[in-house]
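**Q** Can you look at this prediction? I've put the sequence above it.
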2 protein chains.
Amino acid sequence: MQKKDAITIKDIAKALNLSVATVSRSLKDSYQISEQTKKKVRAYAEANHYMPNLMAQSLKNRKTRSIGLMICSIPNNFLAEVISGIESAANSKNYHVIITQSHESFEREMQNLDFLTSRAVDGFLVSIATETQNFSHFEEILSQNLPIVFFDRIPDIDNIHQVVSDNHEGAYNATKHLLQNGFTKIGHITSSVNLSITKERLEGYYKALEEFNIPLNEMYIKYCHHGGMLLEEVEKAISELLAAQIPVDAILTASDRITTATLKSLQERGLKIPDDIGIVGFTNFSFPELFNPPLTTVNQSAFEMGKTAAELLITQIESKRPLKAFEKIILPAVLTVRKTSMKAKQNTVSS
Amino acid sequence: MQKKDAITIKDIAKALNLSVATVSRSLKDSYQISEQTKKKVRAYAEANHYMPNLMAQSLKNRKTRSIGLMICSIPNNFLAEVISGIESAANSKNYHVIITQSHESFEREMQNLDFLTSRAVDGFLVSIATETQNFSHFEEILSQNLPIVFFDRIPDIDNIHQVVSDNHEGAYNATKHLLQNGFTKIGHITSSVNLSITKERLEGYYKALEEFNIPLNEMYIKYCHHGGMLLEEVEKAISELLAAQIPVDAILTASDRITTATLKSLQERGLKIPDDIGIVGFTNFSFPELFNPPLTTVNQSAFEMGKTAAELLITQIESKRPLKAFEKIILPAVLTVRKTSMKAKQNTVSS
DNA sequence: TTGAAAGCGGTACCAG
DNA sequence: CTGGTACCGCTTTCAA
């Protein structure tokens, strides 16, 4: 296999009786070159479909105009939208993005980081894996002055740039809403304990309970170490919630995968929603009203998150010196009430 | 911003008192180098975390170990899975993939092709946009001996490599199933006329009708030129199907987006499924049983499609000369019957 | 079995 | 305003 040879700067120089230096400068519109020459060069380049060889430029400039993305999984309503936002922002600034999936594995996360490093990406966009508890691999990259913007799931490291959802608010509103609708025994199925999103959502959940003077029941909190990738872990969580001494009467699910898996499990058990059990779920599925019954959701600004994170990263890549102002951008997570969280009758615990 | 300098082949040479040529050869396990020297070099390289500079290698070899992907949109249950399959295959062969979205625009498709070309990808994986009717941009690439593997939506070009679903079979089975369940006035909402998948699905649909001696009603076929990206186009299609002289009693939807959009529209109209109208949809949503009612689906081998296409492409990239055997790999599209296509009572047209 | 050196396609420094 | 040239890191031919 051989490609048709593309025209190079040298060819232009020869054709126009100029030096490569002059051609190179003309092409970058250097002030030192006469308009006349520039025009000639540009015209010739245009006419012959000159395209700079990015490999050569990269080798010289130490910039690849590429950014590395690390997420747990692509087939995920939330993340697919995030990727779309990233791709859109990157593309418009003439960057390309290299996607890697950790599948929630710490091991894979480190491998992927190596992979991206070997690709010499100019910066990283990362949402950490559920398994990850040690962040030295990221710190090492940061110490080399390579920019990282973390999004969604943030590691516990000082001085980082991050773009996140208002998880606290989202979970708080969801829980409060359930309480206001007469649910009092609210379970919470969430991801790994160590994730930032888990902690924040948990806090929102706590806060709402507190406001309603509902004592916290630790047994009502279930963690899925694979972030809902495995149906079994969600199954188990639900079984336990339902088998509690005082079974839950509602569930708040904390991620896209967990939400759908929960719905599925509840359905298989033949439970009536919301009469037998209420549910509010974090998800970015486009039409939650199509579920049976229509699902009350907490929807994150996924596309926006990807776009913002990518823009923030590119700004850093292109800035002369490291940004010292570490940004934490918080995007809304909005509750939309539908059927799954509305008790048929308000006579909750009929005494 | 500057990165910490990585160790190069030159550093190794200096440290070991060897020439760069010898080091380079040792690293690629050349037969001309003594085992002793190789061992020494490898040990030093390992110990100092030597990583070859891919930019330099690419510049020299004219290979970037990257493949360009072009699809209409990332947030799509079917495509997200395809991407996952591609990513997985590519990664395991040490390639990276650059994703671009056409958003169903011909214009964007060409821009993206340029973008990928400027990135010097070693090959392309493409599923064409609904708008695309002219394929010269692909033919030009092909003429440069750059490999392309088309998947899902195939252009009308001779001698290409392709990986597709058994769309004919999928649509045929779906339609037959509807007919067997007493639906006789079956509408079909599909993508652009010009797409291969559209034609194939249409044929499967025809074939089933024929077998049941149902005359074809052209008014029952509705095309969505944006592939279901716009809710309005689906809305319009449904309105027309329902406003026909003899309204449809069932619908076969031909893509992920169209399927969910149809469900949504039907629900908003307050139509009871399947009593008022039956539906079978192509989709790769993970839990179609969660819809109301559980959706009868045609599910494609999405992950497999991505994996297969990527592997086929990489084989071509790495083969010395163009493969002359043009492969057409057909993957199953399987019908799973659920509620939306089962009439409550079999007394269809009670006379 | 090893080394010297040309060169991939640009960029940028130094001269003039 | 323009040209010459070293160099980015690696591969490969040619010579030793």
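**A** Nice, I can see it.

**Q** which residue does the stretch 151-300 of chain A bring closest to chain B?
**A** Residue nearest to chain B within the stretch 151-300 of chain A (CB to the nearest CB): A:Asn292, separated by 3.3 Å. Bear in mind the C-beta positions are built from the backbone N, C-alpha and C, glycine included.

**Q** Leaving out the residues flanking it, which one is nearest to A:Tyr50?
**A** Distances taken as CB to CB, 6 or more residues apart in numbering or on different chains put A:Ile7 closest to A:Tyr50, at 5.1 Å, once the chain neighbours are dropped.

**Q** Now do the SS call for that neighbour.
**A** At A:Ile7 the chain is in coil, as set by DSSP: H, G, I helix; E, B strand; the rest coil.

**Q** gap between it and DNA strand D?
**A** For A:Ile7, the distance to DNA strand D equals 18 Å [CB to the nearest atom of the strand, to the nearest Å].

**Q** With A:Asn181 instead?
**A** With CB to the nearest atom of the strand as the criterion, A:Asn181 and DNA strand D are 62 Å apart.

**Q** so who does that residue touch?
**A** A:278, A:341-343, A:346 (CB atoms under 8 Å, 6 or more residues apart in numbering or on different chains).

**Q** for the residues you listed, which one is nearest DNA strand C?
**A** A:Ser341 (57.3 Å; CB to the nearest atom of the strand).

**Q** where does that closest one fall, phi/psi-wise?
**A** Per-residue torsions, A:Ser341: phi -120, psi 10 (degrees, to the nearest 10).

**Q** Tell me, what's the model's pLDDT at the residue of the stretch 151-300 of chain A closest to chain B?
**A** The model reports A:Asn292 with a pLDDT of 89.

**Q** if we can go back for a sec, what about the residue nearest to A:Tyr50, how many neighbours?
**A** A:Ile7 is flanked by 15 other residues according to other CB atoms under 10 Å in any protein chain shown.

**Q** Quick one: buried ones out of the contacts of A:Asn181?
**A** By neighbour count, with 16 or more other CB atoms under 10 Å in any protein chain shown, those hold A:278, A:341-343 as buried.

**Q** Closest one of these to B:Glu81?
**A** A:Ser341 (30.0 Å; CB to CB).

**Q** quick check, A:Leu335 in a strand?
**A** Yes - counting by three-state DSSP, A:Leu335 falls inside a strand.

**Q** these two touch, right, it and A:Thr175?
**A** No - applying CB atoms under 8 Å, one finds A:Leu335 not in contact with A:Thr175, separated by 9.9 Å.

**Q** In strands, which of the buried ones among the contacts of A:Asn181 appear?
**A** With strands taken from DSSP state E, the overlap with the buried ones among the contacts of A:Asn181 comprises A:Gly278.

**Q** just the buried ones among the contacts of A:Asn181: which has the poorest pLDDT?
**A** Scanning the buried ones among the contacts of A:Asn181 for pLDDT, the low point is A:Lys343. It has 80.

**Q** pretty sure that one contacts A:Gly278?
**A** Yes - assessed by CB under 8 Å, A:Lys343 is found in contact with A:Gly278 at 6.9 Å.
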